[in-house]
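S.K.: 3D, please:
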Amino acid sequence: MNDINIEGSAKTPTVQFDSTTGMLNLRGRSIPENSIEFYKPLIDWVDQYSREPGSKTTLHVQLEYFNTSSSKCILDLFKKLELVRGTGNEVVVLWHYEADDEDMLEAGEDYQAIINIPFKMIQVEEVDGH
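M.R.: Prediction:
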């Protein structure tokens, strides 16, 4: 199974999905022109990964900002990870948010309320001084 490594841009997040270590990273901004087009390969990858997952899967979400259409796609990603957890494997979401970014904290809490995966909220210092 191929890993995914996508360099982030002003509109799309950096993505690093490693099937060997079970480490999945989503970092940056997520405001792509077409969220479904951007996230479909990621969702398909997790779907494929869920058939033979590692014993522990960790998704690091470090997004500065994401738009509404991205939020639906991110939810779909979490739903695929629920399948991994449903087969008895450990799955955890590390939701990073900046200290002064209540919107991002609330977004993580909203996901946590509807997804059957343990979330850890991780407050980080402001990045790049913004």
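
S.K.: pull the longest helix from the protein.
M.R.: helix 68-86 (DSSP state H).

S.K.: Low-confidence ranges, the chain, go.
M.R.: Scanning the chain with the threshold set as pLDDT under 70 gives 127-130.

S.K.: Can you show me the helices along it?
M.R.: Under DSSP H, the chain gives helices at 35-49, 68-86, 102-114.

S.K.: want to throw the ones you listed into TSV with distance to residue 7?
M.R.: Using the backbone N, CA and C atoms, a C-beta is placed for each residue, glycine as well. Below are the helices of the chain laid out as TSV (distance: least, Cβ to Cβ, whole Å):
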stretch	distance to residue 7
helix 35-49	13
helix 68-86	17
helix 102-114	22
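
S.K.: Grab the longest strand from the protein for me.
M.R.: strand 56-66 (DSSP state E).

S.K.: now the angle from it to helix 102-114?
M.R.: 140 degrees (axes from the mean of the first three to the mean of the last three Cα atoms, to 10 degrees).

S.K.: packing partners for strand 56-66?
M.R.: Counting contacts by 3 or more Cβ pairs under 8 Å, 6 or more residues apart in numbering; DSSP states H and E, strand 56-66 is packed against strand 23-30, helix 68-86, strand 90-98, helix 102-114.

S.K.: Serialize these to a markdown table and add fields for distance to residue 43 and mean neighbour count.
M.R.: Formatted as a markdown table, the helices and strands packed on strand 56-66 follow (distance: least, Cβ to Cβ, whole Å; neighbours: other Cβ atoms under 10 Å):
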| stretch | distance to residue 43 | mean neighbour count |
| --- | --- | --- |
| strand 23-30 | 12 | 21 |
| helix 68-86 | 5 | 17 |
| strand 90-98 | 15 | 20 |
| helix 102-114 | 15 | 14 |
